[in-house]
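# Build me a model:
(one chain, ligands or ions: 1)
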Amino acid sequence: MSSKGPVIVITGTPGTGKSTHAQILAQESPVPLRHINVGDLVKEKNLYEEYDSEWQSHIVDEDRLLDELEPTIEAGSVILDWHTCEIFPERWPDLVVVLRCDHTRLWDRLEKRNYPLKKIQENNDAEIMEVVIEEARASYPNEIVVELRSESTEDLESNILRIVEWITVWQKNQTEGSD
Ligand SMILES: Nc1ncnc2c1ncn2[C@@H]1O[C@H](COP(=O)(O)OP(=O)(O)O)[C@@H](O)[C@H]1O
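Model prediction:
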């Protein structure tokens, strides 16, 4: 039997709740999963080409990021938490969760982060224009892409339950597949 757990990508516009979901999922998952906050990893390992002070964001060196992640992904049992997903190779994820949030609520969340106004606007527009979900659908098979609302604590709880259930079934399928 394979002891390798799934690779789950949790993506969505900044502020939709990726890290909140990933942290809770790492605790509640029936198989141990390592939560990788990709934005933090980029900063820790200097995996960026430059820092754009106007937008207060790092321009990521995608090749170095993928090289850094590759061995961890190969080992499995990972939650990748990032606001974009299209750079990850199609073979990497077993599940891609795209979190969605009403844009007025998202605006409030981003304002609390003290983002510059143009960064709040840019992210808000991206949420309205469904940028991340379209990117996910264009990059991965439809059956592994799941869109979940993340507006309330009830949403958060039911999303975690759904993902935990998915992991249980995935794990069972893996075990049966290797018999
Ligand atoms: N489903 C939810 N219900 C209520 N608050 C949420 C929910 N998801 C996220 N939040 C809140 O929104 C803010 C941003 O969440 P966070 O997980 O940091 O987002 P992201 O990782 O996508 O940038 C946090 O204050 C978090 O507590």
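# what does the helix or strand hosting Leu80 rub up against?
If you go by DSSP states H and E, Leu80 is part of strand 78-81. With CB atoms under 8 Å, 6 or more residues apart in numbering as the test, strand 78-81 has contacts from 5, 7-11, 18-19, 21-22, 25-26, 33-39, 69, 72-73, 88, 92-93. Quick note: C-beta positions are derived from backbone N, CA and C, even for glycine.
# ok, now stretch 56-67?
Outside stretch 56-67, the residues that touch it by CB under 8 Å, 6+ apart are 38-39, 41-43, 47-52, 87-89, 115-116, 119.
# likewise stretch 28-38?
5-6, 8, 19, 22-23, 25-26, 65, 69, 72, 77-82, 160, 163-164, 167-168, 171.
# dump the residue contacts of the residue of the chain found nearest the ligand.
At 2.6 Å from the ligand, Gly17 is the closest residue in the chain, using CB to the nearest ligand atom. Shown in contact with Gly17 (CB under 8 Å, 6+ apart): Leu99, Cys101, Ser150, Leu156.
# okay, now Ser57: neighbour count?
Residues near Ser57, counting by other CB atoms under 10 Å, number 16.
# who does it bridge with?
Beta-bridge partners of Ser57, counted by DSSP bridges, are Asp52.
# Next one, pLDDT for it please.
pLDDT, Ser57: 82.
# Quick check: closest non-adjacent residue to His58.
Sequence neighbours aside, Tyr48 is the residue nearest to His58 in space, at 3.9 Å (criterion: CB to CB, 6 or more residues apart in numbering).
# hang on, the earlier thing: just the buried subset of the contacts of strand 78-81, please.
Taking 16 or more other CB atoms under 10 Å as the criterion, what is buried in the contacts of strand 78-81 is 5, 7-11, 18-19, 21-22, 25-26, 33, 35-39, 69, 73, 88, 92-93.
# so Trp170 touches Lys4, yeah?
No - the pair Trp170 / Lys4 is not scored as a contact, 10.9 Å apart, by CB atoms under 8 Å.
# and those two? which has more neighbours close in?
Each of Trp170 and Lys4 has its neighbours counted (other CB under 10 Å); Trp170 has more, 17 against 14.
# Could you report the distance from Ala83 to Gly177?
Ala isn't right for residue 83; it's His. As judged by CB to CB, to the nearest Å, His83 and Gly177 stand 33 Å apart.
# Settle it for me: which of the two has more neighbours?
Using other CB under 10 Å as the criterion, His83 and Gly177 rank with His83 on top: 19 against 9.
# so who does that one touch?
Thr11, Gly12, Thr13, Pro14, Lys18, Gly39, Val132.
# name the element the residue nearest to Tyr140 when sequence neighbours are not counted belongs to?
Closest residue in space to Tyr140, ignoring its immediate chain neighbours: Val96 at 5.3 Å, by CB to CB, 6+ apart. Assigning secondary structure by DSSP H and E places Val96 in strand 95-100.
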